[in-house]
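Colleague: starting from these lines, generate the structure:
(chains A, B and C)
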Amino acid sequence: MIGVGAETWLILCIALPFTLAVAAYVVGPRANLYVAWLAGLAIPLASAGLCYGVVTEGAIRYAVGGWDQPLGIALHADVLSGLMVLLSAVVGLVTCLYGHRYLGGADDASSRSYWPLWLMLWGALNALFLAGDAFNVYVTLELVTLASVGLVAMTGKAVSVRASFRYLILALAGSLAYLLGVALLYAQHGVLDLVMLGEQLGTDWASVAACAAVTVGLILKAALFPMHFWLPAAHGSAPAPVSAVLSALVVKASFYLVLRYWLDVFPASVTDVGSFVLSGLGAAAIIWGSVQALRTPRLKLLVAYSTVAQLGYLFLVLPLLRDAAQRDAVVTGLICLALAHGLAKAGAFMAAGAMQRVAGDDGMHGLRGVSVSTPVAVFAFALAGISLMGLPPAGGFGAKWVLLDASIASDNWLIAAIMLAGGLLAAGYIFRFIRVAFHTEEFAGSVVTRHRTLEWSAMALALAALLMGFLVEPISIWVANAGAAGTTQLAEVVP
Amino acid sequence: MLYAFGGVALVCLGLYGLVALEHMLRRILAVNVMGTGVFLILIASAARAEGAPDPVPHAMVLTGIVVAVSATALAVALACRVAEQEQEGRPEGEVKP
Amino acid sequence: MTASVLMPLIVLLSSLVPAVLIFLLPADRHWLRGAMSLGGATLKLAIVAIMLWGVFHEQTYRLTIPFLPGLPLTLHADALSMFLITLSALLWLFTTIYAIGYLDNAPHRRRFFGFFSLCVSATVGIALAGDLLTFLVFYELLTLTTYPLVAHRGSAKALQAARTYLTYTLGGGAVLLLATVWLYHVAGTLAFREQGFLNGLVAEQGPTLTVIFFLLIAGFGVKAALVPLHGWLPKAMVAPAPVSALLHAVAVVKAGAFGIVRVVSDVYGIETSDQMGLLLPLTLAASFTIVYGSVRALAQDDLKRRLAYSTVSQVSYIALGLSLGSPIAALGGIVHLVHQGVMKITLFFCAGNLAESAGIYRVSQMRGIGRRMPWTMAAFTVAAFGMIGIPPLAGFVSKWHLGVGAAAANQGWVIAVLVTSGLLNAAYFLPIIHTAWFAVENSVNGKSDDHKDAAEAKWPLLAPALFTAALSMIIGLFATADASPLTWATLIMRREFGL
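Modeller: From the prediction side, this is the model:
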C-alpha cells in the first residue's frame, strides 16, 4: 500500500472487475482460468488496500473526472462501505476458485456466461457500496439486478428461468420505488449527494414520503418478509457459486443501502412507527424464514430460507438506532452481523453445492449419510451454522452479544427475546441437516468422487465466519473513531 | 404540476398491473408504465419558476430510460425462453441458450 | 512471565492441536491417531502438574486474547480451575486409552477421536475461564462438540437422543447468554473474583441480581441435570461407553456443576448470595434432585440408565454443598466434583466392559458375572461402595463434610436428605453387586446364554477401570494427605472465604 493512495484503490475496486468482465466476454471461455486467477487476486488486493486506507486515514471522497457535486459523480468510502467491499472481496476470491471448479468444462454454455456476469456483478456491487449520490445508487442497483438475474437464469433450466423472471420484475419494481423516492428528494432539495441530503432533510411530509418510498423499494430487494417470496426460488435454483454470492452479497447490498440511508440521510425523517414496523417485519421474517427452513425438503432451499430469517435480524434491531447512546454499538453489531452472515451463508451454499455434486441432487432424503462421502463439506456447513446460530466464537455471536447488550441497555426486551429465539430456531434447522448427514443409512450417492476444491472453499469461508468473532472489537473501534470524526466534521460545518 | 400528478397516476396504474396481472408480457408492460410515471415525475421536478429548466433531471431520465430498455430486453428474453420451454412441453428439461 | 502466559495456552492446545490433526489425517491411520491422542493427553497432564505446583505457590497464570469490545477472552488458572483441570486431564488420559480399546474396528473413528479431543479442549477452557463470557464461550463449544459424540452411532435412537440433548443444552445456553449480557450491563464486568464482584451492587440492584442469579442457575442447571432440567441425561446413554463416561464424570455435567460453583462463589460470592437469600431455593432444588434421582435409579433395569439417574442425584451434591453457605459444606461439595468424577467414570468403564465383553446391558442379565469377569466387577464394587458413601472410600469423605457443614449451617434436615440418599444409593447398588457375585447363573430359563462365553475384558478396557477404582480408594483413604483432592479443596475454600 506504500506509494499508492487510497483513491487509486477506490477506482481500481470498480474499474478492475468491469474491465475483466469485458475481457472475459471478448476473449471467451478459453481464458477462464486466467480471468479467474487475475480477478481473484487483483480485486481483493485493491479492496484490501481501500479498506486499509479508510480505516487508517478516515473517509474518502472522490469526484469522478474532476466534476464536483451536484453535476459530477461522487464516490464515497467510509468504514461501512470499506468493510462491505472487503466482504465482497473475501467472498469473491473464494467464489472465483469455487466457480472455476464447479462449472468445470470451458465449453459449457453456462460457464461462458458465468465469468462476464459474475465479474460485472462484483464491479456493480463495489460501485454500489462506494456510490456517493442517490442517483448513482439507482444505476448501480440496476446493474446488480441485471447481472444477478442473468446469473440465476444462466443454466437455462425452466425452474431457474421462471425464478429469475420473477426476481427481475420484482427487483425492477423495487428499483422504481427507490427512484420515485429519489425524485421526491431531488424535487424537494435539488441535490443528490447523500451527505448533503442528510443535512437538509426534515420531518415534513415530502421527506417522510421520500423516506418511505426509498425504504419500501429497498426492502423489496432485500427480501424482507413479506416481500421475501421471490428469494428462496431464485437463490435455491441457481448454481451453488451463484447462490452463495446472491445470498451473501446481493441482498446485503440492499440492506447496506437501507442502513446507509437511515444513518446518513434520514435520521431526522424516520418515525418511530416506521422503525417499529420494519422491526416487526424483521421479527416475522426470523420466525417465518426459520419455520420454512425447518420444513423444506431441499437443502439449498433450507439455506435460502435461512437467508430470509437472517435478514430479519438486520431489520429487527433498527429501532435501537434511535437511541443515540447505542448508535455506535448497533452499527457495530449490524456490520458484524452482515459480514458474519455473508461469510457463513456463502460457506453454507458452497458446502451444499459440494454435497449436491456428490449426491446428484439436494433433496434431504438423498443426502442421508452424506458425511461419509463429503466430511469436509458437512463440517464446513456445521461451522457456518455455528455463526448462523450465533454461538461463540463466531462472528454471529459477537454481533448478537453487542446487539443484545444494546437492546437491554435501551430496555427493548422483546427484541432481545426474539434474537435469542431466532438463534434457537436456527439451531433447529442447521441440526436438522446435520442429523440427516449423520444418518447411518448407506449413502446413495457417489463415494468415490471427491471435490476437494469445492469442499475446502466452503471450509475456508466457514472458518472465516467462525473466527470473525475476534474482529468485533476492532470493528467497534473503527466505527467509534469514524463516528467521532463525523461529529467533529459536522461541528466544523455547522457554525 | 399536472405532469407530476400524471406521473403519480401512471405509477399507481403500473403498480396495480404488477400486482393484478398474471401474464408475463403484461407484467413487463406494467413495470414499464410504472417507470414512465417515475420519469414523468422527475421531468416535472425540473421545472423552475424562471429561466431554463434544471438539466440534471433530464440527464437522470435519460440514464433511467437506458437502464429501463436493457432491463426490459432481458425480461422479454426470459419470457421468450419460458414460452419456448412451454411449447416444447418439457418444462424441466435442459435448453441450450 | 512468558511461562505464566504460555502455560494456559499449551494446556488448551495440547488437545486442540491433536483434534485438528486427527481430522486432517486419513481415516485409516489408526496408530498415528492413537499416538497423537495419547501424546496430547500425556503432555497435558505434565503441564497441569507443573501448573498445580505453581498455583499452590501463588503464581499467576493468565492469558488474555482480545475478543468482544471491552471483553477479552481470559484464561486464568486459580485454585478452583486447577481442580477441574486436573480431573479432566487425568481422566482424559484414561478415557483415551479406554476408547482406543473400546472402538477397535468400529467405523467413524476419526470423527470420534477428533470430537473427543475437541470436547476436552472445551472442558479445559471452561476450567480456565477467567470470566463469565469466556466460560460461556467454552460452555457452548462443549455443547457443540459433544453433539457428534452422542449422535455417534447414527441410529435413529442415537439421533433422537442427541436432538433431545441439543434442545435442552442450547435452550439453557440461550438463557445463559441473556443472563450474562444482562449481568454485564448491570455490573460492567464479568471477571471472576474470589468472594464475588457484586457486593457493592446488592443494595441498589437487588431484585435484578436475584432474577439474573436464577437465570444463570437455570442455564447451568441444564447441564448439571438439576430436576426438572435433567431429561436429556438418561436418553444420552445411547452414546458409546467412553462418551457416557466422559459426559458423566468430566465434561458435561461437571461443566454445569462447575458453572454453578463459579456463579455462587466467584460471581456473587457465597456470603453475598447467602445474605441475598438466594441459596435456600438452590438447596431445595439440589435436595429434591438428589432424592428424585435416587428414586428413579431404583426402578431402572438398564444398567447405564441406572447409572445415569445416579449421576443426576450425585452431581447435585456439589450444588448442595455450595448452597449451604458454610465453608465445610462447600468443601464437601467442591471435593465431590473430583470424587464423583473418579467413581462414576469407573462405573461407566465397567458398564462398557460388561456390554462389550459379555453383551450385558441389564441388571437382570448380570447373574454370576462376577465370577467370569472378576476384575471388572471388583472395580465396579469399589466404585459403587464409594458412591454409597461407605468409609473410607472417596464418597464418604464428601458426604461427611456435607453433613458436618449442614449441621454447622443449622440445616439439620439436609442431613436427613443425605441419609435418605445414602440408603437409596445402597438400595440400587447393592442388588447389582449381590446379583453379580452371589447369584447363581440360572441355566433353566436360558439366560445363561447371555454370557456363556464371557471372559474378562481385554487390558485397554480393564486397566483404566482398575486404575480409577484404585484412585477412588486412595483419595478416600489418604484424604488428609498433602496432595489429596480434599487438601486442595481446603485451599480453594480458604481463598474463597478469605479465611
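Colleague: quick check, residue C:242 in contact with residue C:99.
Modeller: Yes. Using CB atoms under 8 Å, residue C:242 is in contact with residue C:99, at 3.9 Å. Quick note: C-beta positions are derived from backbone N, CA and C, even for glycine.
Colleague: what about the closest residue to residue B:57 other than its chain neighbours, how many residues nearby?
Modeller: Take residue B:57 and drop its neighbours on the chain: the residue closest to it by CB to CB, 6 or more residues apart in numbering or on different chains is residue B:46, 4.0 Å away. The local packing count at residue B:46 equals 19, with neighbours defined by other CB atoms under 10 Å in any protein chain shown.
Colleague: where does residue B:46 land on pLDDT?
Modeller: With respect to pLDDT, residue B:46 scores 81.
Colleague: what residues are up against it?
Modeller: Residue B:46 is in contact with B:53-58, counting by CB atoms under 8 Å, 6 or more residues apart in numbering or on different chains.
Colleague: one more pass at 10 Å, please.
Modeller: Residues counted as contacts of residue B:46 (CB atoms under 10 Å, 6 or more residues apart in numbering or on different chains) are A:186-187, B:3, B:52-61.
Colleague: which stretches of the chain have low pLDDT?
Modeller: No chain was given, so I picked chain A. Residue ranges of chain A with pLDDT under 70: A:1-3, A:69-71, A:104-109, A:441-450, A:485-495.
Colleague: chain C was what I was after
Modeller: Short version for chain C, where the test is pLDDT under 70: C:1, C:441-454, C:499.
Colleague: using PDB, write out every CA atom in stretch A:386-404.
Modeller: Presented in PDB, the C-alpha positions along stretch A:386-404 are these (Å, rounded to 0.1, in the frame of the first residue of the first chain):
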ATOM      1  CA  ILE A 386     -22.400 -22.000  14.300                       C
ATOM      2  CA  SER A 387     -22.200 -18.500  13.100                       C
ATOM      3  CA  LEU A 388     -25.800 -18.500  11.900                       C
ATOM      4  CA  MET A 389     -27.000 -19.800  15.200                       C
ATOM      5  CA  GLY A 390     -25.000 -17.100  16.900                       C
ATOM      6  CA  LEU A 391     -22.900 -19.400  19.100                       C
ATOM      7  CA  PRO A 392     -19.400 -18.500  20.100                       C
ATOM      8  CA  PRO A 393     -16.800 -17.700  19.000                       C
ATOM      9  CA  ALA A 394     -18.300 -17.000  15.600                       C
ATOM     10  CA  GLY A 395     -18.900 -13.600  14.200                       C
ATOM     11  CA  GLY A 396     -22.700 -14.100  14.600                       C
ATOM     12  CA  PHE A 397     -22.100 -14.500  18.300                       C
ATOM     13  CA  GLY A 398     -20.100 -11.300  18.700                       C
ATOM     14  CA  ALA A 399     -22.700  -9.400  16.700                       C
ATOM     15  CA  LYS A 400     -25.500 -10.800  18.800                       C
ATOM     16  CA  TRP A 401     -23.700 -10.000  22.000                       C
ATOM     17  CA  VAL A 402     -23.300  -6.400  21.000                       C
ATOM     18  CA  LEU A 403     -26.900  -6.100  19.900                       C
ATOM     19  CA  LEU A 404     -28.300  -7.900  22.900                       C
END
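Colleague: in that stretch, what's buried?
Modeller: Neighbour-count burial for stretch A:386-404, counted by 16 or more other CB atoms under 10 Å in any protein chain shown, picks out A:386-404.
Colleague: so which of the residues you listed are also by chain C?
Modeller: A:386, A:389-394, A:397-404 (CB under 10 Å from any CB of the partner chain).
Colleague: got the contact list for the residue nearest to residue C:468 when sequence neighbours are not counted?
Modeller: Computed as CB to CB, 6+ apart, the closest residue to residue C:468 that is not its neighbour in sequence is residue C:346, at 4.3 Å. Residues in contact with residue C:346 (CB under 10 Å, 6+ apart) are C:94, C:245, C:249, C:379-384, C:386-387, C:464-472.
Colleague: which one of the ones next to chain C among the buried residues of stretch A:386-404 is nearest residue B:81?
Modeller: Using CB to CB, the shortest approach to residue B:81 within those belongs to residue A:389, at 39.2 Å.
Colleague: residue C:467 contacts residue C:375, doesn't it?
Modeller: No. Using CB atoms under 10 Å, residue C:467 is not in contact with residue C:375; the gap is 11.5 Å.
Colleague: and the pLDDT at residue B:36?
Modeller: Looking at residue B:36, its pLDDT stands at 92.
Colleague: tell me the SS of residue B:78?
Modeller: Recorded secondary structure, residue B:78: helix (DSSP: H, G, I helix; E, B strand; the rest coil).
Colleague: an error on my part: the question was meant for residue C:391.
Modeller: When classified by three-state DSSP, residue C:391 comes out as coil.
Colleague: that one: neighbour count?
Modeller: Residue C:391: 13 neighbours (other CB under 10 Å).
Colleague: quick one: it from residue C:397, how far?
Modeller: Going from residue C:391 to residue C:397 by CB to CB, to the nearest Å gives 8 Å.
Colleague: give me the common contacts of these two.
Modeller: Joint contacts of residue C:391 and residue C:397 (CB under 10 Å, 6+ apart) are C:476-477.
Colleague: let me see the backbone angles for the closest residue to chain B within the stretch 251-400 of chain A.
Modeller: With CB to the nearest CB, the shortest gap between the stretch 251-400 of chain A and chain B falls at residue A:361, namely 12.7 Å. The phi/psi pair for residue A:361 (degrees, to the nearest 10) reads phi -160, psi 160.
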